[in-house]
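>>> here are the coordinates; sequence isn't available:
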Ligand code: SF4
Ligand code: SF4
């Protein structure tokens, strides 16, 4: 699915673009990217970050590059920058939306394929390649992604509203600490420690299920649970 998604990126590019949202907002328009980002927030309230693990073309491109730099890139400090970038960008977008209201909805605006399109696409691809090459596994997801905060907000909203959503569940008693799950995790999470603590909730988890597939002891499973239900199930 990720390979297919990366091949489709030249076509889906302008529906995942923070830049086009700004240009549209300047012109008093609510465009396709803004609608897609809103839908991703809603989807994450049930599907958590399945989009990131299974469909995101930017994630797919990063996975290809991890063959060249497989370093883990995950810490609170490294993850913080994406929230700062997102807050500055989204505050500016909201300012433009308020200033240019009432907004007209135009899903297809600024999606013409022309020379400008190819230049912007080439710039974005270069940023994704270089950034991931210089950082490590899914470095952009950790430190730069402008879509991740929407989905993390969706996850948090679901938890506050007791909406069941997609989660991983651990059986620590079955874990033999082989470390395969941590080695396989594209987000560089310390999955072994998470399994041992019985808590696999992490806003950085992209629900790719590499850890589930790789665990020969079947110590990790997945399903749709409320936060509290997950722990109740785990304890019983
Ligand atoms: S792969 Fe399974 S058994 Fe090995 S450390 Fe991870 S959870 Fe434990
Ligand atoms: S913890 Fe498991 S599901 Fe989450 S990102 Fe890592 S390998 Fe994927």
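That came through fine. As the structure is a prediction and not an experimental result, all values here were calculated from the model. Numbers count the residues shown, from 1 in each chain. Ligands and ions are numbered 1, 2, ... in the order given.

>>> Contact residues of this structure facing ligand 1?
Taking C-beta under 6 Å from any ligand atom as the contact definition, the chain meets ligand 1 at 175-181, 191-192, 195, 214-215, 217, 219-220. C-betas here are computed from N, CA, C, even on glycine.

>>> for these, which one is nearest residue 95?
Using C-beta to C-beta, residue 191 comes nearest to residue 95 of the residues of the chain next to ligand 1, at 40.1 Å.

>>> Could you confirm residue 223 falls within a strand?
Yes. Counting by DSSP: H, G, I helix; E, B strand; the rest coil, residue 223 is part of a strand.

>>> Contact partners for it?
166-167, 169 (C-beta atoms under 8 Å, 6 or more residues apart in numbering).

>>> all strands of the protein, in order?
Secondary structure of the chain by DSSP state E: the strands cover 29-31, 104-106, 165-170, 220-225.

>>> Mind checking those for the one nearest to residue 116?
strand 29-31 (15.5 Å).

>>> one step back: most surrounded residue in the residues of the chain next to ligand 1?
Counting neighbours by other C-beta atoms under 10 Å, residue 191 leads the residues of the chain next to ligand 1 with 28 neighbours.

>>> from what I can see it touches residue 210, true?
No. Here residue 191 does not reach residue 210: they are 9.0 Å apart, not a contact under C-beta atoms under 8 Å.

>>> Give the intersection of the neighbour lists for those two.
Contact with both residue 191 and residue 210 is made by residues 181, 185, according to C-beta under 8 Å, 6+ apart.

>>> And the lengthiest helix in the chain, what does it pack against?
The longest helix of the chain (DSSP state H) is helix 76-99. Here helix 76-99 touches helix 18-26, helix 139-143, helix 148-160, going by 3 or more C-beta pairs under 8 Å, 6 or more residues apart in numbering; DSSP states H and E.

>>> Report the buried residues of that helix.
By 16 or more other C-beta atoms under 10 Å, the buried positions in helix 76-99 come out as 78-79, 82, 85-86, 89-90, 93, 96-97.

>>> sorry, back to before: want to try JSON lines for the helices and strands packed on helix 76-99, with distance to ligand 2, mean pLDDT and mean neighbour count as columns?
Shown next, in JSON lines, are these (distance: least, C-beta to the nearest ligand atom, whole Å; pLDDT from 0 to 100; neighbours: other C-beta atoms under 10 Å):
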{"stretch": "helix 18-26", "distance to ligand 2": "23", "mean pLDDT": "94", "mean neighbour count": "19"}
{"stretch": "helix 139-143", "distance to ligand 2": "9", "mean pLDDT": "96", "mean neighbour count": "24"}
{"stretch": "helix 148-160", "distance to ligand 2": "12", "mean pLDDT": "97", "mean neighbour count": "19"}
